[in-house]
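>>> I would like the atomic coordinates for the input below:
(chains A and B)
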Amino acid sequence: MTKDCKDPNCPDSGQSARSSGNEKEKSGNSNPVKTERLASLDALRGFDMFWIVGGSSLAFALSEYTGWPCLKWLSGQMHHAKWHGFTFWDLIFPLFLFLAGVAVPYSLSKMLEKGVPKRTIYWRIFRRLLLLIFLGAVYNGMLKFNGYDQTRFASVLGYIGVAYFFAALIYLNCDIRHQAIWAMGILIGYWAAMKLVSIPLFESGDLSMEGNMASYIDRHFLPGHLYRGIHDPQGLFINIPAISTALLGILTGHWIKSVPLKKVWKATGMLAVGLICLGVAKLWNLSFPINKELWTSSFVVYCAGWSLLLLGLFYLIIDVLGFKKWSFFFKIIGMNSITIYLGVQVVSFGHTRDYLFGGLLKVFDKPLQDVISAVFYILTWWIVLFFMCRKKIFLRV
Amino acid sequence: MNKMLSLNKMGPGYLILESTIKVIVIAGLIVVLGWSLVQLGAWMDM
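Take a look at the predicted model:
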């Protein structure tokens, strides 16, 4: 269906994550072995985007309709922690970045194996960086021309672009050990900087919105409007630890792609390391609180823990046990992630849903109507994404 | 020198020491970068 897609986010892409694993060793010859698709990565990316594309609204509506405690808890997780702390909603963004990292050992190594010069790869990832920064600014309303002071140039897409760019540079120039060294050095360095460097009128180690040094740097050097006036969660210095999030994804990609172990042990390894990461992050939290707004080192490790647990679980179910059919729903969503992210902001799919299913919705009374409405919203999105997939239309950067 | 320190360049001890030093250097660079930007910001405020 999408054999010729070149989108790294596309599951059927030539650049997408394909697991060579031990196939080469097993084949016992030096001929190039057709690599196997890492279907769990596509599905998990789709699962991640599902919450943006209406999954959260469905959780809220179901919680209201049923009143079940577990759904009440889930709907309570569908917003960001105010400052320190962690909710499921805080995981959506770092999980996406982590998964982008997991795909790197597949996509970039494939390009290197094909003999693509490093200079060309550098240009591609740099172009990707510029495009993501531009699209992020467009998402923030740059094209409304509201003036420099009212335009927010920092963005989620730009943040991903910068983190991916530097992580890819490290990947292209360092071996696995040095990639791990960079990931650890960045996390420790960011921790030390945030705890040791003081800003005027505040003591060193102040992690309040006003008193932390990363926000102080943004107030002086980040162009345009800051998201919270005195602080921006996608600021300049805060972008540094995100490189580690991508690098931890890259290390996981190495683990799945290159380590000569049975798949079931790879899944077990991911689950075990995921649990260890959660423990380490909880300990680190005592000194450097888990905080998404500051992308603290403990937050990076905590998110890596959850990302590993989710990827390990998806990998076990889809790639090890072979239960793949159910993941088709998520795969379709995961194939056009940037379309979803921009589309949620730019296109009114609520209007499209009402246009297509409005009559049917009137049949139901509230609060069931809200549940059906949320389902139809997701369905509207899914149908559009499905046809985009069928027509091989992907928003590529 | 390596013999005196009982460090074989291929041994795990050497790799751990080398890795630790590199982690500290990277961490130090980030601290210096942050500190420099804060000083520059404070200077701009003056």
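
>>> contacting residues around B:L40?
Counting by CB atoms under 8 Å, 6 or more residues apart in numbering or on different chains, B:L40 makes contact with A:H220. Where you see a C-beta, it was placed from the backbone N, CA and C, and this is true even at glycine.

>>> give me the spatial nearest neighbour of A:L157, chain neighbours excluded.
Of all residues not flanking A:L157 in the chain, A:G136 sits nearest, at 3.4 Å (CB to CB, 6 or more residues apart in numbering or on different chains).

>>> mind listing what the one you found touches?
For A:G136, the contacting residues are A:154-159, A:161, by CB under 8 Å, 6+ apart.

>>> what distance do you get for A:I243 to chain B?
Distance, A:I243 to chain B, by CB to the nearest CB, to the nearest Å: 10 Å.

>>> does the nearest residue to that residue once chain neighbours are set aside lie in a helix or a strand, and which?
Computed as CB to CB, 6+ apart, the closest residue to A:I243 that is not its neighbour in sequence is A:F166, at 4.6 Å. Taking DSSP states H and E as the criterion, A:F166 maps to helix A:156-173.

>>> could I get the average pLDDT for that helix?
For helix A:156-173, the mean pLDDT works out to 96.

>>> export it as PDB, just CAs?
Output in PDB follows, covering the C-alpha atoms of helix A:156-173 (Å, rounded to 0.1, in the frame of the first residue of the first chain):
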ATOM      1  CA  VAL A 156       6.600  21.700  20.200                       C
ATOM      2  CA  LEU A 157       7.600  20.900  16.700                       C
ATOM      3  CA  GLY A 158      10.600  23.100  16.900                       C
ATOM      4  CA  TYR A 159      11.500  21.500  20.200                       C
ATOM      5  CA  ILE A 160      11.300  18.000  18.600                       C
ATOM      6  CA  GLY A 161      13.300  19.300  15.600                       C
ATOM      7  CA  VAL A 162      16.200  20.600  17.800                       C
ATOM      8  CA  ALA A 163      16.300  17.500  20.000                       C
ATOM      9  CA  TYR A 164      16.200  15.200  17.000                       C
ATOM     10  CA  PHE A 165      18.900  17.200  15.100                       C
ATOM     11  CA  PHE A 166      21.500  17.000  17.900                       C
ATOM     12  CA  ALA A 167      20.700  13.400  18.800                       C
ATOM     13  CA  ALA A 168      21.100  12.400  15.100                       C
ATOM     14  CA  LEU A 169      24.400  14.300  14.900                       C
ATOM     15  CA  ILE A 170      25.600  12.400  18.000                       C
ATOM     16  CA  TYR A 171      24.400   9.100  16.500                       C
ATOM     17  CA  LEU A 172      26.200   9.800  13.200                       C
ATOM     18  CA  ASN A 173      29.500  10.600  14.900                       C
END
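
>>> run a quick neighbour tally on A:L286.
Using other CB atoms under 10 Å in any protein chain shown, A:L286 has 8 neighbouring residues.

>>> swap in the one 5 residues further on?
Using other CB under 10 Å, the number of residues around A:N291 comes to 24.

>>> ok, it - contacts?
By CB under 8 Å, 6+ apart, A:N291 lies in contact with A:81, A:83-85, A:207, A:298-299.

>>> 10 Å instead?
Residues in contact with A:N291, defined by CB atoms under 10 Å, 6 or more residues apart in numbering or on different chains, are A:81-86, A:90, A:194, A:207, A:212, A:233, A:238, A:285, A:297-299.

>>> out of the helices and strands in chain A, which is least certain?
helix A:23-27 (a mean of 39; mean pLDDT, DSSP states H and E).

>>> one step back: any idea which of the contacts of A:G136 is the one closest to A:W73?
A:W73 lies nearest to A:V156 out of these, by CB to CB, at 26.0 Å.

>>> distance of that closest one relative to A:L112?
29 Å (CB to CB, to the nearest Å).

>>> buried residues in stretch A:351-366?
Of the residues in stretch A:351-366, A:352-354, A:357 count as buried by neighbour count, 16 or more other CB atoms under 10 Å in any protein chain shown.

>>> what do you get for stretch A:59-75?
Neighbour-count burial for stretch A:59-75 [16+ other CB under 10 Å]: A:59-65, A:71, A:74-75.

>>> just flag the most distant two among these.
Using CB to CB, the two most remote members of these are A:Y65 and A:L74, lying 12.9 Å apart.

>>> just the element for the closest residue to A:V259 other than its chain neighbours, please.
Using CB to CB, 6+ apart and skipping residues adjacent in sequence, the residue nearest A:V259 is A:K266, 6.6 Å away. Under the criterion of DSSP H and E, A:K266 resides in helix A:263-284.

>>> next secondary structure element downstream of that helix?
As assigned by DSSP H and E, the chain's next helix or strand after helix A:263-284 is helix A:297-314.

>>> can I get that following helix in CSV, CA atoms only?
What follows is helix A:297-314, C-alpha atoms only, in CSV (Å, rounded to 0.1, in the frame of the first residue of the first chain):
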residue,chain,number,x,y,z
SER,A,297,16.5,15.1,34.2
SER,A,298,14.3,13.0,36.5
PHE,A,299,11.4,13.7,34.1
VAL,A,300,13.5,12.4,31.2
VAL,A,301,14.4,9.2,33.0
TYR,A,302,10.8,8.8,34.3
CYS,A,303,9.4,9.2,30.7
ALA,A,304,12.1,6.8,29.4
GLY,A,305,10.9,4.3,31.9
TRP,A,306,7.3,4.5,30.9
SER,A,307,8.3,4.6,27.2
LEU,A,308,10.3,1.4,27.6
LEU,A,309,7.5,-0.3,29.5
LEU,A,310,5.0,0.6,26.7
LEU,A,311,7.3,-0.2,23.9
GLY,A,312,8.3,-3.5,25.6
LEU,A,313,4.7,-4.4,26.0
PHE,A,314,3.8,-3.5,22.4
